[in-house]
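Visitor: sequence and predicted structure below; questions after.
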2 protein chains.
Amino acid sequence: MKESYTDVLVIGAGPAGLMCAQALARAGVKVKIIDKRPNKVSVGHADGIQPRTIEVFNSYGMGERMLREGIQVHMAAFYNPGPSGGIERSGRAPDVNAPTARYPFEMTVHQGALETMFLDAMHSMDVRVQRSIAPISVNISEDKLVVKDPQAYAVTTVLQHQATSTTPNDQETVHAKYVLGSDGAHSWTRTTFGITMEGDQTNYVWGVLDMVPETDFPDIRNRTAIHSHNGSCMVIPRERDIIRIYIQLTEEDIKRVTNPETGRPEMKFCSPEILLDVANRSFKPYYIKPAGEIEWWTLYIIGQRVASKFAVDERVFIAGDACHTHSPKAGQGMNASMQDTHNLAWKIAHVLRGWADMSLLKTYEIERRKFAQDLINFDRKFATLFSGKPRTGDSDDGVSHEEFVQAWKTFGNFSSGIGVHYPESPVVNVIHQGTARNLIIGQRMVPQTVIRAADAWPFDIQDMLPADTRFKVVVFLGDLSEDVQREKVNILAQELEKSDSFLKTYPPPGVAIDAVFDIISIMAGKKVDVDFTDVPELIRPHWSKVFVDDVDFSGRMGGKAYSTYGIDSHGAVVIVRPDQFVGMIAPLNKVNHLNQYFASFRIGAAH
Amino acid sequence: MKESYTDVLVIGAGPAGLMCAQALARAGVKVKIIDKRPNKVSVGHADGIQPRTIEVFNSYGMGERMLREGIQVHMAAFYNPGPSGGIERSGRAPDVNAPTARYPFEMTVHQGALETMFLDAMHSMDVRVQRSIAPISVNISEDKLVVKDPQAYAVTTVLQHQATSTTPNDQETVHAKYVLGSDGAHSWTRTTFGITMEGDQTNYVWGVLDMVPETDFPDIRNRTAIHSHNGSCMVIPRERDIIRIYIQLTEEDIKRVTNPETGRPEMKFCSPEILLDVANRSFKPYYIKPAGEIEWWTLYIIGQRVASKFAVDERVFIAGDACHTHSPKAGQGMNASMQDTHNLAWKIAHVLRGWADMSLLKTYEIERRKFAQDLINFDRKFATLFSGKPRTGDSDDGVSHEEFVQAWKTFGNFSSGIGVHYPESPVVNVIHQGTARNLIIGQRMVPQTVIRAADAWPFDIQDMLPADTRFKVVVFLGDLSEDVQREKVNILAQELEKSDSFLKTYPPPGVAIDAVFDIISIMAGKKVDVDFTDVPELIRPHWSKVFVDDVDFSGRMGGKAYSTYGIDSHGAVVIVRPDQFVGMIAPLNKVNHLNQYFASFRIGAAH
């Protein structure tokens, strides 16, 4: 039997698996990614991309392509029954309610296009998905010394290669240091380790249609929620002239598509015609029909559930649909899945390089399981509102337009991915939250334009925080033309120079500081007055790393970084994690607390 | 002897020739482009990209790449002699002074990278530069009927192919409908047709150095003008850590690098060391030296001259350095050259397709020769200020910092390319300038964010005006919720439907309206109130072509299009030429004047 060795084996090449594989490949980690399907997804499936996901793609250098290829959704429209019984527009609102979103819109990119972005990125790093391969067994070593050694090949997986015209049906044993099971809602990995799904056992049934419509409906290119007396629909605009309609099936509809033998709704008992019929019931007095062929359709039958655990011995992890399922209409699934492994990848890289202790990996479940539970809670509330009977006229019964829109806004920061908030842990230390009042520790770094001191070129600070596995040390220096502040900065530089500074102690011997940390400084001042040469050399690794909090010359961008972040004239040091989340904030004179932060998860940390 | 036929033969594959060839190839015109050099430029040469040039690249779909590959220059710094005799900073200012620039900065992209953008675009259209080929004779037919027939192969050019290891030294006769001589300052085409260069016979001598500097100079990444008692320099930041320095040689310096036998400055009598020596004289008390190798250096010896004519019989055209030369430091050369052929290409395409009369081609010289003369005038004034002795202390003599900065600002709109203004001609009709007071007819369309009505997606109007050879009919509809205005728009739609409408008469029989025109409409109103379906179908070819003048949901973009353009509630029709220049403006009820505009240059127009 063939044997192979890899740092990380990724089982399942959907969005979660691909995000992980490309992130690890970028980090120089040896990764093997397999999928049981012979081909990637080409039509249909998930398509909603939330604002935070665009930021994440941008952090991997893939934002420009996503913006080029995707459709932007800016406006939501709401329809409710009017006096005549047919629907009428009750209002329009921004589709995204997240004031700090860098990209204040949702996007639709079909899953095939999205997967291609990952595949192209991986291709350029010589990593390819190996297809038509399914795992048949997986075991974590029972030797405790092996399991404790972060560099050991502790997980053994046997893979079955399906026979193709050129290759035989054979087996392969893979020895991996870590394994990711990103193998979907029916996850083999989860099942094999006996991890259960917890939560509501109710299953919602949704029909989904992708088509180019012929219609007189004026909100056909918006994200439109339709509540009628005859059912609920959601319209989502897609590439070219295509739209998607999510159609919630009523109990009556569900009976119509249920297999009497199994008692379950099944696609073979449904058809696009049935779904269109249900949709048209809601659309009245408007009509909608396909201008040509139906591009794709399906039935989603899904409950709201979270896996009881996300990891086994910090050696096997599950991510994406394998650990959380929820309704499709809030456009969360693919986003949550990719953010799971965006959270995990840098942690694996730090452990594999011998920088961080294996305990760092525990924070994956701490952070992402909490998120998944928040997501299910959100989804449950939203689904109730969405499925609720619309309120009309003088009746007190049912969900009013105002209630729905209020919920839409309330949930906006969360559903955009922007408001995701990780709890305290070794990598989220909130003791100095007051030093930057508006920069929430445990949330992602708020975007903000700052001006490069050497050349007055405006940059968004997020572009200085790429997903390159480095911690970013963002130093808000204050106004260096003031003697007192300049002195504080000089002392900070001296503290950072000391042998017990985290800059020296987190990287193991022989590893350069700038392989692990990127130091960025932001002065208070005016671009026409400050010089990049004003900043002490240790906190100025290159002229391009010094910024000033000012507007750009066009007056269109920048300014007020200090006030936006709630940082006063004394300055602050902000530790931004490799995934762009704020890990810690400290006053300039608390380098010792920063040292403690990194000591809590560095290699050999007591835990 | 080999013979070949082509629509357009382009002689010279520098920026002017490449811009023309790619524009024609995009338009589906058969083009052959040759160059006597065996390879494209790889280092040095021109590099300054002005704001309008970025807009033009964007109109060809190449803006994103330029923005990705180039360096942005936002800040200018000015140094003058201080009390100690050494230079000190007298101020900083925006590098670009052009309030309506969409990209309010200059860029540097080295000529090799720029040429690669064109070559890649051409490659995708299967057009390649044929190299090591020089023309040896060119003749325009003496048969008047042939010269008057826009489709005739009226120009015969004999080319000499230089022998290579695989091909012999042979000749080729090319029969072309039109020929472009974009063959540089020593243009063979210009000389062959006996066209003279007019203007100042004075030659300025500039040294140019590209290097990664080691320096203590804080403005090394800005566009910095240094006036010292010992000479003048200009610093321009480039890709990576490279900078360029332009060093104006004094009479003394010129003597040092002059060949005593020829009496002319020559590179073999100069060296980077000499240029660095001259530069360091100006930089004191700062120092500058190369951190490694000198990347590239040269001497520019150049006068300020314009060709006496730009075209022969509307069959042979010259463009770029072949028809205007000027000093390098204002970063104009490459920009002016590319805009020459951007102006010419769509006109050739319209004539070749049998849409426009050959007289349209006369507007190339009308528009671009005026520009070239404006450019020389600008360059002369700027050069005088730049070379002038700096004024210091209480002396009244020399050029003060204030004078220099004032001139910098005054010339900004012109030197950015934004303020370029074409005179009246068949394609620039100013009779209804008052209908859009702030949208200057004969200048490029001012960028402005508008909101797409169907989905509230904000777009810059320039992105609706690609260089696709179509005239854009931009209809400012006013507020359609007002009955009177809606009635005016209905009448406009009826007028446009009539058989004498320009939409029907400019395209020859058999050519679809939308092959020649793109109709874009912009409503007054609020995005949450208007529907794209409010617009009459004839002026709504697709849902994506209807916009509203409003801010986007983030409040960051858009609004005030009508007031920015000076259009009142009655609306306006704006004809934007394929090169994004405003050709004509008319009130909604003056379709007859629009008809006359197109009649003045359509095929068979009296002239």
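Guide: Noted; the coordinates are in hand. Everything numeric in this text was worked out from a predicted model, so none of it was measured.

Visitor: residues in the stretch 501-607 of chain A within reach of chain B, list them.
Guide: A:527, A:528, A:531, A:532, A:533, A:543, A:552, A:553, A:554, A:556 (Cβ under 8 Å from any Cβ of the partner chain). Glycine gets a C-beta too; all of them are placed from N, C-alpha and C.

Visitor: kindly recompute the last result at 6 Å.
Guide: Residues of the stretch 501-607 of chain A lying near chain B by Cβ under 6 Å from any Cβ of the partner chain: A:528, A:531, A:533, A:553, A:554.

Visitor: for these, pick the one with the most neighbours.
Guide: Of all these, the highest neighbour tally under other Cβ atoms under 10 Å in any protein chain shown goes to residue A:553, namely 24 neighbours.

Visitor: that one contacts residue B:94, doesn't it?
Guide: Yes. Assessed by Cβ atoms under 6 Å, residue A:553 is found in contact with residue B:94 at 3.8 Å.

Visitor: quick one: mean pLDDT for stretch A:138-147?
Guide: Stretch A:138-147 shows a mean pLDDT of 95.

Visitor: go through the helix or strand containing residue A:596 and flag the buried ones.
Guide: Element membership for residue A:596 (DSSP states H and E) is helix A:591-599. Residues of helix A:591-599 classed as buried: A:591, A:593, A:594, A:595, A:597, A:598, A:599 (neighbour count, 16 or more other Cβ atoms under 10 Å in any protein chain shown).

Visitor: report the longest strand in chain A, please.
Guide: With DSSP state E setting the assignment, residue counts place strand A:288-302 as the longest strand in chain A.

Visitor: neighbouring contacts of the helix or strand just after that strand?
Guide: Using DSSP H and E, the next helix or strand after strand A:288-302 towards the C-terminus is strand A:305-307. For strand A:305-307, contacts defined as Cβ atoms under 6 Å, 6 or more residues apart in numbering or on different chains pick out A:195, A:197, A:198, A:199, A:323, A:324, A:325, A:372, A:373, A:376.

Visitor: tell me how far strand A:305-307 is from the chain's mean position?
Guide: Remark: strand A:305-307 is offset 18 Å from the chain centroid, using Cα atoms, centre = their mean, to the nearest Å.

Visitor: pLDDT on it, on average?
Guide: pLDDT averaged over strand A:305-307 gives 94.

Visitor: ok, the next helix or strand after that strand: who's next to it in the sheet?
Guide: Using DSSP H and E, the helix or strand that follows strand A:305-307 in sequence is strand A:311-312. Partners of strand A:311-312 in the sheet, by DSSP bridges, are strand A:316-318 (antiparallel).

Visitor: ok now the next helix or strand after the strand it pairs with, how far from the chain's centre?
Guide: The C-terminal neighbour of strand A:316-318 among helices and strands, as given by DSSP H and E, is strand A:324-325. Taking the mean of its C-alpha atoms, strand A:324-325 sits 14 Å from the chain's own mean (Cα atoms, centre = their mean).

Visitor: so what touches strand A:324-325?
Guide: Taking Cβ under 6 Å, 6+ apart as the rule, strand A:324-325 contacts A:185, A:302, A:305, A:306, A:372.

Visitor: grab the nearest non-local neighbour of the second one.
Guide: Counting by Cβ to Cβ, 6 or more residues apart in numbering or on different chains, residue A:325 is the residue found nearest to residue A:302 once chain neighbours are left out, at 5.5 Å.

Visitor: would you turn the buried residues of helix A:591-599 into TSV with pLDDT?
Guide: Shown next, in TSV, are the buried residues of helix A:591-599 (pLDDT from 0 to 100):
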residue	pLDDT
A:591	98
A:593	98
A:594	98
A:595	98
A:597	98
A:598	98
A:599	97
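
Visitor: out of the residues you listed, flag the one nearest to residue B:268.
Guide: Nearest to residue B:268 among the buried residues of helix A:591-599, counting by Cβ to Cβ, is residue A:591 at 58.0 Å.

Visitor: after the lowest-mean-pLDDT helix or strand in chain A comes which helix or strand?
Guide: Every helix and strand of chain A was ranked by mean pLDDT, DSSP states H and E. The lowest is helix A:401-410, at a mean of 78. Sequence-wise, the next helix or strand downstream of helix A:401-410 (DSSP H and E) is helix A:412-415.

Visitor: just the CA trace of whichever helix or strand comes after that following helix, in PDB.
Guide: Downstream of helix A:412-415, the first helix or strand assigned by DSSP H and E is strand A:449-452. Extracted as PDB, the C-alpha positions of strand A:449-452 are listed here (Å, rounded to 0.1, in the frame of the first residue of the first chain):
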ATOM      1  CA  THR A 449      -7.200  55.100   5.800                       C
ATOM      2  CA  VAL A 450      -3.900  56.400   7.000                       C
ATOM      3  CA  ILE A 451      -1.300  58.400   5.100                       C
ATOM      4  CA  ARG A 452       2.200  57.000   4.400                       C
END
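
Visitor: so what's the gap between the helix or strand that strand A:449-452 is followed by and the chain middle?
Guide: Using DSSP H and E, the helix or strand that follows strand A:449-452 towards the C-terminus is strand A:458-460. What separates the centre of strand A:458-460 from the centre of its chain is 23 Å, taken as Cα atoms, centre = their mean.

Visitor: same deal with stretch A:545-565?
Guide: From the chain centre to the centre of stretch A:545-565 is a distance of 27 Å (Cα atoms, centre = their mean).

Visitor: do stretch A:266-276 as well
Guide: With Cα atoms, centre = their mean, you get 32 Å for stretch A:266-276.

Visitor: what's the average pLDDT for it?
Guide: On average, stretch A:266-276 scores 95.

Visitor: before we move on, back to that, neighbouring strands for the longest strand of chain A, and are they parallel or not?
Guide: If you go by DSSP bridges, strand A:288-302 pairs up with strand A:204-215 (antiparallel).

Visitor: what about residue A:120, which helix or strand?
Guide: Per DSSP H and E: residue A:120 is located in helix A:111-123.

Visitor: what does that helix rub up against?
Guide: By Cβ under 6 Å, 6+ apart, helix A:111-123 touches A:18, A:22, A:25, A:40, A:41, A:42, A:45, A:46, A:62, A:65, A:69.

Visitor: try 8 Å this time
Guide: Contact partners of helix A:111-123, identified using Cβ atoms under 8 Å, 6 or more residues apart in numbering or on different chains, comprise A:13-15, A:18-19, A:21-22, A:25-26, A:33, A:40-47, A:49, A:57, A:60-62, A:65-66, A:69-70, A:128-129, A:239, A:334.

Visitor: likewise stretch A:194-205?
Guide: A:190, A:248-249, A:253-254, A:257, A:265, A:299-309, A:312, A:318, A:323, A:325, A:327, A:376, A:380, A:383, A:387.

Visitor: show me the shaky parts of chain A.
Guide: Filtered on pLDDT under 70, chain A yields the residue ranges A:42-44, A:46, A:201-203, A:328-331, A:388, A:392-397, A:606-607.

Visitor: how far does the longest helix along it sit from the chain's center?
Guide: Identified as the longest helix of chain A according to DSSP state H is helix A:362-387. Relative to its parent chain, helix A:362-387 has a centroid offset of 13 Å by Cα atoms, centre = their mean.

Visitor: tilt between it and strand A:204-215?
Guide: Going by axes from the mean of the first three to the mean of the last three Cα atoms, to 10 degrees, helix A:362-387 is angled at 60 degrees with respect to strand A:204-215.

Visitor: ok so, going back, out of the residues of the stretch 501-607 of chain A next to chain B, which is nearest to residue A:2?
Guide: residue A:533 (58.8 Å).

Visitor: where's the closest one relative to residue A:543, distance?
Guide: 8 Å (Cβ to Cβ, to the nearest Å).

Visitor: now residue A:161
Guide: In this view, residue A:161 and residue A:543 are 53 Å apart by Cβ to Cβ.
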